[in-house]
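**Q** sequence and predicted model, in that order:
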Amino acid sequence: IAVAEPFLAHNGHRPVSLERFPESVEGESFFSKNPPKGAPDYVESVTVTYNSGRSHPQLVLTEPAAIVWAAQMNTVVFHPWASRADDTDRPVELRIDLDPQPGTDFADAVVAAHGLREVLNEAGLEPWLKTSGNRGIHVFCPIVPEWEFLEVRHAVIAAGRELERRMPDRVTMSWWKEERGERIFVDFNQANRDRTMAGAYSPRPLATATVSTPISWDELNGLEPHDFTVRSIPRRLAEVGDPWAAITESPGRIDTLLEWWQRDLDDGLGELPFPPDFPKMPGEPPRVQPSRAKKD
């Protein structure tokens, strides 16, 4: 209830999956996507189409009571789509997950985030930040909803490849874990349809109850992300306000990133792997893991 206004601003009125923990964060969890039997009338839904082509109703949160209901249903993590309920096929934001790999930490992700900001600015986009709630950083760019998910994914890949060229020792676009090394992984597959990350002001399933928290660029250096918890965020909102309050005011365009994508295609760089539960896409490389391929 204390975070309802900014929470709904960033996660409401869009398809959302609820990650529910019936016992504790150390126990089993499962995802609720469609309204469960007995859900109250104020818990809404919208029909979405998944990558498989199957359509299904997906939960939509539109008022504080719906968030409270979700928490009462043992929801810890809220996973909103990048699109809104009035047009589920076209994202309103470009999302990039900077994911620290073994041997790296949040400080390494900070360095990568500054480099990514330069790349995105050159592409005509204004990036916004939030902590992942653990060791990573989520970079969001609001965009006009003119492109389908696959096109936005290609824009993310183009940005990631450009960042990798500039910081080859610090970031990687390698999908296979054994090829990443001690670098920050630019998780391009988080841009896929039906792939979600923890929403702004969503708790994470850790004993410390950390929260995925919007931050300003001025706060980034020296930040300790584990200071943001369910206990500290209401006080932070009262003292600092919501750093994302104006995030939707000036949506950008991904035309330049798509030009970079086409340039890379012309240079022989093709599609990158999709998660194994996605249908095979045109131009996608083999899904066999590198170590397996060598053994075969």
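**A** That came through, no problem.
**Q** use CA for all of it now, contacts and neighbours both
**A** OK.
**Q** now the strands for the stretch 151-296 of the chain?
**A** 171-172, 184-187, 214-215 (DSSP state E, counting those that start in this stretch).
**Q** export the ones you listed to a markdown table and append columns for mean neighbour count, distance to Glu164 and mean pLDDT.
**A** Output for the strands of the stretch 151-296 of the chain, formatted as a markdown table (neighbours: other CA atoms under 10 Å; distance: least, CA to CA, whole Å; pLDDT from 0 to 100):
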| stretch | mean neighbour count | distance to Glu164 | mean pLDDT |
| --- | --- | --- | --- |
| strand 171-172 | 27 | 6 | 98 |
| strand 184-187 | 26 | 9 | 98 |
| strand 214-215 | 20 | 24 | 98 |
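**Q** show me the contacts for Glu126.
**A** Counting by CA atoms under 8 Å, 6 or more residues apart in numbering, Glu126 touches Arg117, Leu120, Cys141, Pro142, Gly252.
**Q** my bad, should have said Glu271
**A** Going by CA under 8 Å, 6+ apart, Glu271 touches Pro282, Gly283, Glu284, Pro285.
**Q** what about the last one, how many neighbours?
**A** Counted by other CA atoms under 10 Å, the residues lying close to Pro285 total 13.
**Q** and the gap between it and Leu94?
**A** Note on Pro285: its distance to Leu94, by CA to CA, to the nearest Å, is 23 Å.
**Q** quick one, what contacts the closest residue to Trp175 other than its chain neighbours?
**A** Nearest residue to Trp175 in three dimensions, chain neighbours excluded: Pro273, at 6.9 Å (CA to CA, 6 or more residues apart in numbering). By CA under 8 Å, 6+ apart, Pro273 lies in contact with Trp175, Glu284, Pro285, Pro286, Arg287.
**Q** wait, doesn't the last one sit right on Pro276?
**A** Yes: here Arg287 lies in contact with Pro276, judged by CA atoms under 8 Å, at a distance of 7.3 Å.
**Q** so for the residue nearest to Trp175, what's the pLDDT?
**A** Reported pLDDT at Pro273 in the predicted model: 92.
**Q** go on, Ala293?
**A** Predicted confidence (pLDDT) for Ala293: 63.
**Q** thought Gly270 was touching Glu284?
**A** Yes: the pair Gly270 and Glu284 passes the contact test of CA under 8 Å, sitting 7.3 Å apart.
**Q** of those two, which one has the most company?
**A** The neighbour comparison of Gly270 against Glu284 (other CA under 10 Å) goes to Gly270, with 15 against 12.
**Q** OK, contacts around the more buried one?
**A** If you count contacts by CA under 8 Å, 6+ apart, Gly270 has them with Asp264, Gly283, Glu284, Pro285.
**Q** and if we set it to 6 Å?
**A** Counting by CA atoms under 6 Å, 6 or more residues apart in numbering, Gly270 makes contact with nothing.
**Q** quick check: phi and psi on it?
**A** The phi/psi pair for Gly270 (degrees, to the nearest 10) reads phi -100, psi -160.
**Q** could you count how many residues lie near Glu239?
**A** 9.
**Q** now do the one 3 residues further on
**A** Other residues near Asp242 come to 18 when the count uses other CA under 10 Å.
**Q** identify the residues contacting the residue nearest in space to the middle of the chain.
**A** Nearest to the geometric centre of the chain sits Met197, at 4.0 Å (CA atoms, centre = their mean). Contacts here follow CA under 6 Å, 6+ apart; on that basis Met197 touches His79.
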